[in-house]
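Student: heads up, no residue letters with this:
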């Protein structure tokens, strides 16, 4: 009975908001021009609708009260939200595969590695009934790897993430890896790159931000039935290996002493704490490791939490952000031939926009 009364109250409040919106739209001051189509009317209603944030919150409350678990294509799963990934087109897959194969053939003698990170919907597809038989991310990654030349070494991120799916490996309100999820991927593939992984016990856990609400929730004004995230940083107990970071944005270079941008935690994009997000086209990272190999990473923003773990095995690491450097060739930003290894570290949702 209480649920029914709550639902009635929500609907009544919804009706009042609609009446207020209509009166504002048609009977006050700046009346919009007559709409020529339904889409025009919807746009004008959106532009003149008062209290849009409250409207979205109210709409979400009504849907949740009615038992809905899907809102605008985003699903409430356990205590978080998941947005299903779109199928990657065969043309985009072939173009990216061809680019990496061409790169590897032009840089024989270097170790070229590829790692594609699945999205949360690829790991938790069974928890989303209506799309449970949709985009098979594991199958796509396997097929993509199969199309690469034998000289390209493929790194499996899907298996360790799937094996750890009961753990906190993705943010509940965003689509990026958590530090724990990133560590699991790093630990599983770094041997294939020629190094023994540093154990989890070598790191201190720092709760850099508690109560983070990611973009998947802010877009829908969802607050009910989700658990806010914690942004955790795993930092080496014996001190960082990083001595300097030179960050180039295309015009100027900024100098830092860490791959963690702690200032981002108080800004609009807290996840930029990991390697500065996509603010820079190139990061040049120097470490205390003399006579260690040099690594070039081509990455997308969602893979940033992996990088702090990888750099501990190299003397210098250059990171090219594929989004910030869109339109630039790798050769325009660095000399690929000066590195011992090259790692293409990409998330599955980035493939369409990279080609």
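Tutor: Okay, I see it. Predicted model only: the values in this text are computed from it and were never measured.

Student: Can you check which strand is longest in this protein?
Tutor: If each strand of the chain is counted by residues according to DSSP state E, the longest one is strand 203-212.

Student: Give me the distance between that strand and the centre of its chain.
Tutor: Taking the mean of its C-alpha atoms, strand 203-212 sits 18 Å from the chain's own mean (Cα atoms, centre = their mean, to the nearest Å).

Student: quick one: contacts of that strand?
Tutor: Contacts of strand 203-212 with the rest of the structure, by Cβ atoms under 8 Å, 6 or more residues apart in numbering, involve 171, 173-174, 183, 228-237, 262, 265, 270, 273. Any C-beta I mention is one placed from the backbone N, CA and C, and that applies to glycine too.

Student: Could you list the buried residues of it?
Tutor: Within strand 203-212, the residues that count as buried by 16 or more other Cβ atoms under 10 Å are 203, 208, 209, 212.

Student: Among those, which pair sits farthest apart?
Tutor: The most widely separated members of the buried residues of strand 203-212, counting by Cβ to Cβ, are 203 and 212 (20.1 Å).

Student: continuing past the helix or strand harbouring residue 144, what's the next helix or strand?
Tutor: Secondary structure assignment for residue 144, by DSSP states H and E: helix 137-146. Later in the chain than helix 137-146, the nearest helix or strand by DSSP H and E is strand 152-155.

Student: what packs against that next one?
Tutor: Contact analysis of strand 152-155 by 3 or more Cβ pairs under 8 Å, 6 or more residues apart in numbering; DSSP states H and E lists helix 90-106, strand 111-117 as its packing neighbours.

Student: gap between it and the chain center?
Tutor: Relative to its chain's centre, strand 152-155 lies at 22 Å (Cα atoms, centre = their mean).

Student: go on, stretch 298-306?
Tutor: What separates the centre of stretch 298-306 from the centre of its chain is 8 Å, taken as Cα atoms, centre = their mean.

Student: can you check stretch 299-311 too?
Tutor: Its chain's C-alpha centre and that of stretch 299-311 lie 11 Å apart, by Cα atoms, centre = their mean.

Student: That one spans what distance, first to last residue?
Tutor: The first and last residues of stretch 299-311 sit 14 Å apart, counting by Cα to Cα, to the nearest Å.

Student: Now do the buried residues in it.
Tutor: Neighbour-count burial for stretch 299-311, with 16+ other Cβ under 10 Å as criterion, is recorded at 299-311.

Student: These in strands, which ones?
Tutor: residue 299.

Student: and the least confident of the buried residues of stretch 299-311?
Tutor: Lowest pLDDT of the buried residues of stretch 299-311: residue 301, 86.

Student: Grab the nearest non-local neighbour of it.
Tutor: residue 278 (4.9 Å; Cβ to Cβ, 6 or more residues apart in numbering).

Student: Quick check: the one you found is in a helix.
Tutor: No: looking at residue 278 with DSSP: H, G, I helix; E, B strand; the rest coil, it is coil, so not inside a helix.

Student: Please look at it and residue 323 and confirm they touch.
Tutor: Yes: the pair residue 278 and residue 323 qualifies as a contact (Cβ atoms under 8 Å) at a distance of 4.7 Å.

Student: tell me, what's touching those two both at once?
Tutor: Counting by Cβ under 8 Å, 6+ apart, the contacts common to residue 278 and residue 323 are residue 301.

Student: More neighbours: these two, which one.
Tutor: Counted by other Cβ atoms under 10 Å, residue 278 and residue 323 do not tie: residue 278 has more neighbours, with 18 against 14.
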